[in-house]
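> Kindly return the folded structure for what I paste below:
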Amino acid sequence: MPNNVDPLEAEAVLELLDTALALQYRSALQYTQVAGSLTGLEWTVLGVQVWAFAEAELDDARRLVEKVVALGGTPPGGAAPLRYEPDPRTAIDALIENECEAVAALHAVIPHSGQEPRSEALEHRLEHLIMRKQEQVDTLRRAVGAA
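Numbers count the residues shown, from 1 in each chain. Predicted coordinates for the structure are as follows:
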């Protein structure tokens, strides 16, 4: 590796991915919970879309686990805490809040990813996750009229 290339800061990346992955687990669980619990005609139609989001979250959790293992780390064994909200609007608002936290956690990894070839792959994976999650947040905001 050339001397002028910023190295991947493996320890910092693993620590930050640990936090991000626990939030990612929560995302998959919370989307699943909300998809199955939305009530009322105006909300149940959103359930199918929310379930699609849950499936994407689970796939991305797998990809983050792969990155952690490839970097020599151990993925976290549990999700960040989530809560059940029976009111659909409150449930969607909680999803938005939690997803913004998860996006920020993923974004925090990037400055430590360096400029090595493997760093670029990690950075691009994170950017794709962030982009997808942000699009989901935008969809939820439009659904509740908070765009």
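> Is the spatially most central residue of the chain part of a helix or strand, or is it coil?
Centroid-nearest residue in the chain: Gln24, 4.2 Å away (criterion: CA atoms, centre = their mean). Each residue gets one of three states, and Gln24 gets helix by DSSP: H, G, I helix; E, B strand; the rest coil.
> And Val5, by the same measure?
Classification of Val5 by three-state DSSP places it in coil.
> List the residues that contact it.
For Val5, the contacting residues are Gly114, Gln115, Glu116, by CB atoms under 8 Å, 6 or more residues apart in numbering. (Each C-beta comes from the backbone N, C-alpha and C, glycine too.)
> Within the helices and strands, which one has Thr32?
Applying DSSP states H and E as the criterion places Thr32 in helix 10-37.
> got it, and Ala56?
In the assignment (DSSP H and E), Ala56 maps to helix 41-70.
> pLDDT averaged over that helix, what's the number?
Helix 41-70 shows a mean pLDDT of 96.
> Which strands and helices lie in contact with it?
helix 10-37, helix 88-109, helix 117-143 (3 or more CB pairs under 8 Å, 6 or more residues apart in numbering; DSSP states H and E).
> tell me which residues of that helix are tucked away?
Within helix 41-70, the residues that count as buried by 16 or more other CB atoms under 10 Å are 43, 46-47, 50-51, 53-54, 56-58, 60-61, 64-65, 67-68.
> So what's the gap between that helix and the chain middle?
Relative to the mean C-alpha coordinate of its chain, helix 41-70 is positioned 9 Å out (CA atoms, centre = their mean, to the nearest Å).
> ok, now stretch 86-106?
The offset between the C-alpha centroid of stretch 86-106 and the centroid of the whole chain comes to 11 Å, using CA atoms, centre = their mean.
> Which one of the buried residues of helix 41-70 is nearest to Asp138?
For Asp138, the closest of the buried residues of helix 41-70 turns out to be Phe53, at 11.7 Å, with distances computed as CB to CB.
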